[in-house]
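S.K.: Structure for this input, please:
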Amino acid sequence: MNVRPSAVAGTFYPDVPEQLRTSVRQHIEGGRSRAHGPAPKALIVPHAGYVYSGPVAGSGYALLESKRSEIRRVVLLGPAHFVPLDGLALPGADAFVTPLGEVPIDKDAEGQVASLPQVVTSSAAHAREHSLEVQLPFLQEVLTAFELVAMAVGGDNMEEVAEVIDVLWGGDETLILVSSDLSHYSDYETARRLDQQTAQAIEELRPEDLGQEAACGGVALKGLLLASRRRGLAAKTVDLRNSGDTAGPRDQVVGYGSFAIA
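M.R.: Numbers count the residues shown, from 1 in each chain. The predicted structure follows:
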């Protein structure tokens, strides 16, 4: 079996299974006070090291606890940080591995989108990519069992992303998950202002209002907002903080948000 091994265990999150499980559980438990409302069809969560963005991600994942056994497929999209892409890349793997075990790939679902012109297969795009990997331990802890469709996203065409999301939308068994951080390296107050503007655009499902610097996973995020708007869904902010709130100085911060779409 072709397995994509963990690339950032021990750096972005603990590489000892029990320590990792404890970390994830603490972030989810800590996020329950912010997680109000029904379980979402789609979720937007951050992807930094857990010490920085874990509390904000936990707020989003806490919303999935009521669908622990119902969600059986996760369509996960995140930015390609290391390999230039003009479209979306499948990993060419049969499973992803974290210290908590294997996450199987949904090959049937991959087959539904593999023939689209904007979709390629690139193990290189996934080899070092943390934006997707850091979501997996949260999913492994909050869901009973699931298969994964993992796509690294590049380029700037939100219509192409929306098309892929539409094909894989599915029913209640499918969660659409976008991995994205928000503003980067502004001072604390500037970041708060910029991220609030981004949150407003997300809540209004207005991808056209998101600038290039609003979110590092902006293309996937815009595609999700476009697909959700066409379905008449609603988005809400679950949590909005930055690294100055969680761990780190306030002179240069990274913004994090969890958003639910239902």
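S.K.: which stretches of the stretch 1-150 of the chain form strands?
M.R.: The residue ranges that make up the strands of the stretch 1-150 of the chain, judged by DSSP state E, counting those that start in this stretch, are 3-4, 42-45, 73-79, 88-90, 95-98, 101-104, 119-121, 147-153.
S.K.: can you pull the buried residues of the last one?
M.R.: Spelled out, it's strand 147-153. Residues 147-153 are the ones in strand 147-153 that count as buried (16 or more other C-beta atoms under 10 Å). To be clear about C-beta, it is placed using only N, CA and C from the backbone, and glycine gets the same treatment.
S.K.: ok, back up a step: in CSV: the strands of the stretch 1-150 of the chain, plus mean pLDDT.
M.R.: Shown next, in CSV, are the strands of the stretch 1-150 of the chain (pLDDT from 0 to 100):
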stretch, mean pLDDT
strand 3-4, 98
strand 42-45, 98
strand 73-79, 98
strand 88-90, 98
strand 95-98, 98
strand 101-104, 98
strand 119-121, 98
strand 147-153, 98
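S.K.: Who is E147 paired with across the strands?
M.R.: R73 (DSSP bridges).
S.K.: Let me know whether it touches R72 as I believe.
M.R.: Yes. Taking contacts as C-beta atoms under 8 Å, E147 lies within contact range of R72: 6.8 Å.
S.K.: tell me, what residue is most central in this protein?
M.R.: S179 (2.2 Å; C-alpha atoms, centre = their mean).
S.K.: From D251, how far out is that one?
M.R.: Per C-beta to C-beta, to the nearest Å, S179 is found 26 Å from D251.
S.K.: before we move on, the earlier item: name the nearest of the buried residues of strand 147-153 relative to A62.
M.R.: Checking these against A62 with C-beta to C-beta, the nearest one is L148 at 20.4 Å.
S.K.: is it true that K222 touches E159?
M.R.: No. The pair K222 / E159 is not scored as a contact, 9.2 Å apart, by C-beta under 8 Å.
S.K.: between these two, who's got more neighbours?
M.R.: Set side by side, K222 and E159 show more neighbours around K222, with 28 against 11, by other C-beta atoms under 10 Å.
S.K.: quick one: contacts for that one?
M.R.: Counting by C-beta atoms under 8 Å, 6 or more residues apart in numbering, K222 touches 158, 161, 207, 210.
S.K.: Same check on A150?
M.R.: A150 sits next to 76, 90-91, 96, 105, 126, 132 when contact means C-beta under 8 Å, 6+ apart.
S.K.: can you pull out the helices in the stretch 101-250 of the chain?
M.R.: For the stretch 101-250 of the chain, applying DSSP state H, counting those that start in this stretch gives helices covering 107-113, 123-127, 130-133, 136-142, 158-168, 188-203, 218-230, 243-246.
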